[in-house]
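# Compute the structure for the input listed below.
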Amino acid sequence: MNESMKEAIKALYPPRPTASRRRVRRSSSSTSSGHDAATSSLTTGIAMLSVGGDSTLSAPSSSSTRSQLPSRLPSFGASPKRTVLKSRFSELLLEHGEKHLQDWAVKATSSLNNNNNSSSCQMKQLEGRLRLCSQSIVFEPRHSSWGIIRIPFRYMSACPSVVDNSIVTLRSDRYVIMKTNNVVAPYEHVQLTTEFRFNFLHSSPQMMISLTQEILNAETTTTTTSSTVKNINPSVSFAADVTFDESVPPIIPMPSFNNDKRNDIVEQISELAMANNLFDTTNFLHIHERPLTPVLRSSIKTPLLEERGSVILTDYALYFQPAVLSGSAMSNSNNERGGSGGKAHVWCLGDVVAFARRYDGMKDRGLEIYLSKLEGGKSTHRSVLLAFDSTEARERLVHLITQQCSSSASRPLPIPCYTDRNFVESAVELWLSNQLNNYEYLLILNSAAGRSFHDLSRYPVFPWVLSSYGDEGKMLDLTNSDNFRDLSKPIGALNEERFGEFKKRYESMVQQQKSHGAQHNHHQDAPFMYGTHYSAPGYVLFYLLRVMPEHMLCLQNGKFDVPDRLFFSMQSTYESVLSNNADLKELIPEFFDPDCFDFLINSMGLQLGNLQTGERVDDVILPSYAKSAKDFLRKNRAALESDHCTTQLPKWIDLIFGVTSRGSRAKSARNLFHPMSYLGPVDLDALRSDDDKNRAELQATEFGIVPDKLFRKEHPSKGESWEGTEGLVMPDVLRDSYYYGRDSADRIAKKEHLVSTDGFSLDNDIVRRSGVIATGANPFG
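You can find the predicted model right below:
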């Protein structure tokens, strides 16, 4: 294996935890008195801050504080120091799908609108940022001691008004307080009629009032409309009794689609930001850099978040400049900032080790770039995921990056692309010859099949390998096959009794479809065995709760799930996937990387509640044979690399990436999922309205998506000769069509016998994904 290949594989490893997450942990034997002392210290500290001058939301009573605050708290000491942060705000603090539009420097004051004169709900001249969002107004105090306040439009009694030319007042019946003392915890919902006053420091409030008025008018229109159509089911319709199972982990709440007017306003503001922010060439690292592309509209994708901006490629680096409206950038002096966009992200071409074509929702227009080192030493990812306005723009950039990197004297070999089929063929050959271990091989297959750590709906999927997680005092014997899960079967078929129920439902659907005839003969109405998937955003966050709590709070409307439904024990989780009809989840790569042990440890001191048994949910309870979280991951990795697992692994690869992943052979292998999990761009194009397309796309990404099909023959076992596996890897007709046109792609598909004829749909992943096809010859000339 050459050095270029080794570097490309290393870049595929899961994101490493940041140093700030690895804080010193308190002893597990600490008593409640320690917790009470910390709470008392916090209460005293906040009270002292309130007396000091800049009053704020004062501390609640000791009893309520003790029930709301986490057990691991920073101590304020005798003279509490108020730390100034750049920003604690994130769109994760908003409702799912809500967008941040603009912000201003203000001083905030609040008072109750009743006879209760309690100072606990009052602010006095508190400096911070007032943020206008698409469904709310958010005030972020400058100092981290005070919580961020979110005031939804739907709870305002009237549109905000201007007093004395620079002060905005608004009244709300309810609001939400988040991240008090910069602690990640369930949100506090306050139901008190309160008047807020925001004094604008450096600008006029007229723009804020105007934009708010437009959005509120749209909200009023939506409320009136929704009251007349409240009985209409907004989901895409299927045949009778073809429904989703209720999923145990939390799922993504559906954003509202009846508010076209509000969405148009948000889009107009975003367009204004894009139009007014020309790329600032002072971001270039070298004075003689030569741009190779025009400014391309794009966005950076991270889990549940999107940062819009523009990309430009030079002969030295790739730059991304965020789009910011005048006045929305936060400076140390809190002055308004106009002109060009925000500070650019820079990725030097010399650091690029690989790339992969990715999806943006269901559209094939994303690009993930893998780097040899982290950006600025801050990011925990070794890659960045960009989405463009079109496939053509993405392909142009791919061509130029490949050209520039290949012309470098320090890079003797072409830069690899994980989604190119020749890279997959190389990986298969290396694995068969024992030059790649199982873990790295599965990382490569996941990346080649469109999976990314930046996309929760397409997160890399790994198998449950072991079946032994209990048995107090029992040692783990990796030579005993009884300790391993059967990798030749999907999760849903491991328990024969439970599969009998799935099979009975499937046969009932088949009979229903026959009785309805052609009325329900679309593939979206096709019968299925499993109503939940093995990989979905809710499942990923179920595992990563302890390292991504704000993502979970975003999906769960500001609270954690019921304690008994959280990830608290390996044994109970495995028992659930064997017995629960709504639980078919596989694992994620972090379970096999000892450096990622933080997701098993509650190092942030999250208050996750108590089980019905009274046991507190804290660190994940591990098998008795594991000395620590890191030791458990080492043993799990050893099980993945064991001889027994290596022998069975090709069967699991067939189920996820190969011949039994879809179509008629998936039915035979008991591996048939809900039709939404096979949805692709072509299916979206067949839907009539944009609303239907948006709903279908959201339901597919929420439910979980089957990875792209990589193999058209059964996967060979390790040790077999590569020469005997000719025709194993499927040709990528979709990407070939960018150069040769759609007609040529269709002819290739028919020649290779890739087009499905079983009526269920999508035996051909490549045809499924070909929603946006460039026509004619090579677009680069």
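
# Kindly list the longest strand within the chain.
strand 100-112 (DSSP state E).

# packing partners for that strand?
Packed against strand 100-112, as judged by 3 or more C-beta pairs under 8 Å, 6 or more residues apart in numbering; DSSP states H and E, are the following elements: strand 123-133, strand 136-141, strand 194-200, helix 206-228, helix 260-276. C-beta here means a position set from N, CA and C on the backbone, and glycine is covered the same way.

# doesn't Phe196 make contact with Ser172?
Yes. With contacts counted by C-beta atoms under 8 Å, Ser172 reaches Phe196, the gap being 7.1 Å.

# These two: who's more crowded?
Each of Ser172 and Phe196 has its neighbours counted (other C-beta atoms under 10 Å); Ser172 has more, 25 against 22.

# Identify the bridge partners of that one.
Met156, Thr194 (DSSP bridges).

# who touches it in this structure?
By C-beta atoms under 8 Å, 6 or more residues apart in numbering, Ser172 lies in contact with Ile151, Pro152, Tyr155, Met156, Ser157, Thr193, Thr194, Phe196.

# If I look at it, what pLDDT would I see?
We have a pLDDT of 93 for Ser172.

# if we can go back for a sec, same list, the contacts of Ser172, but as JSON lines with distance to Ala354 and pLDDT please.
What follows is these, written out as JSON lines (distance: C-beta to C-beta, whole Å; pLDDT from 0 to 100):
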{"residue": "Ile151", "distance to Ala354": "45", "pLDDT": "95"}
{"residue": "Pro152", "distance to Ala354": "43", "pLDDT": "94"}
{"residue": "Tyr155", "distance to Ala354": "48", "pLDDT": "92"}
{"residue": "Met156", "distance to Ala354": "49", "pLDDT": "91"}
{"residue": "Ser157", "distance to Ala354": "55", "pLDDT": "86"}
{"residue": "Thr193", "distance to Ala354": "56", "pLDDT": "91"}
{"residue": "Thr194", "distance to Ala354": "53", "pLDDT": "92"}
{"residue": "Phe196", "distance to Ala354": "50", "pLDDT": "94"}
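
# Out of the residues you listed, flag the one nearest to Arg637.
Pro152 (45.6 Å; C-beta to C-beta).

# Tell me the bridge partners for that closest one.
Here Pro152, judged by DSSP bridges, has bridge partners Ser136.

# which residues touch it?
By C-beta under 8 Å, 6+ apart, the contact set of Pro152 is Glu95, Gln135, Ser136, Ser172, Arg174, Tyr175, Val176.

# Please tell me how far it sits from Phe279.
35 Å (C-beta to C-beta, to the nearest Å).

# again with Val163
Counting by C-beta to C-beta, the separation of Val163 from Phe279 is 40 Å.

# if you count what's nearby, which of the two comes out ahead?
For Val163 versus Phe279, the count of surrounding residues by other C-beta under 10 Å is larger for Phe279: 21 against 11.

# surely Pro675 meets Gly531?
No. When contacts are counted by C-beta under 8 Å, Pro675 is not listed as touching Gly531 (10.7 Å).

# okay, these two: which has more neighbours?
Shown here are Pro675 and Gly531; by other C-beta under 10 Å, Pro675 has more neighbours (24 against 20).

# if I look at that one, how far off is Thr193?
48 Å.

# same check, this time on Tyr441
From Tyr441 to Thr193 the distance is 60 Å (C-beta to C-beta).

# Which one of these two is surrounded by more residues?
A count of neighbours by other C-beta under 10 Å puts Tyr441 above the other of Tyr441 and Thr193, at 21 against 13.

# Run through the stretch 51-200 of the chain and note the low-pLDDT ranges.
Across the stretch 51-200 of the chain, the ranges flagged by pLDDT under 70 are 51-85, 113-121.

# Farthest-apart pair in the contacts of Ser172, please.
Pro152 and Thr193 (14.2 Å).

# does Phe599 sit in a helix, a strand or a coil?
helix (DSSP: H, G, I helix; E, B strand; the rest coil).

# Lys124 and Pro141 touch, don't they?
No. Look at Lys124 against Pro141 with C-beta under 8 Å: they stay out of range, at 11.9 Å.

# Give me the more crowded residue out of the two.
Pro141 (24 against 15).

# tell me which element the closest residue to Ser4 other than its chain neighbours is part of?
Nearest residue to Ser4, sequence neighbours excluded (C-beta to C-beta, 6 or more residues apart in numbering): Leu413, at 4.7 Å. Under DSSP states H and E, no helix or strand contains Leu413.

# thought Leu413 was touching Glu7?
No. Applying C-beta under 8 Å as the test, Leu413 and Glu7 come out as separate, 10.5 Å apart.

# Out of those two, name the residue with the larger neighbour count.
Glu7 (14 against 11).

# If you count neighbours, what's buried in whichever strand or helix holds that one?
Assigned by DSSP H and E, Glu7 belongs to helix 3-10. Within helix 3-10, the residues that qualify as buried are Ser4, Met5, Ala8, Ile9, counting by 16 or more other C-beta atoms under 10 Å.

# any idea how far Val510 lies from Arg712?
26 Å.

# The two: who's more crowded?
Arg712 (18 against 12).

# residue contacts, that one?
Gly658, Val659, Gly727, Leu728, Val729, Met730, Leu754.

# Buried among the residues you listed? Need that as a selection in ChimeraX.
Those of the contacts of Arg712 that count as buried under 16+ other C-beta under 10 Å are selected in ChimeraX with:
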select :658,659,728,729,730,754
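
# mind giving me a markdown table with the contacts of Arg712 and columns for secondary structure and distance to Asn263?
Below are the contacts of Arg712 laid out as a markdown table (DSSP: H, G, I helix; E, B strand; the rest coil; distance: C-beta to C-beta, whole Å):
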| residue | secondary structure | distance to Asn263 |
| --- | --- | --- |
| Gly658 | coil | 40 |
| Val659 | coil | 42 |
| Gly727 | coil | 47 |
| Leu728 | coil | 46 |
| Val729 | strand | 42 |
| Met730 | coil | 38 |
| Leu754 | coil | 38 |
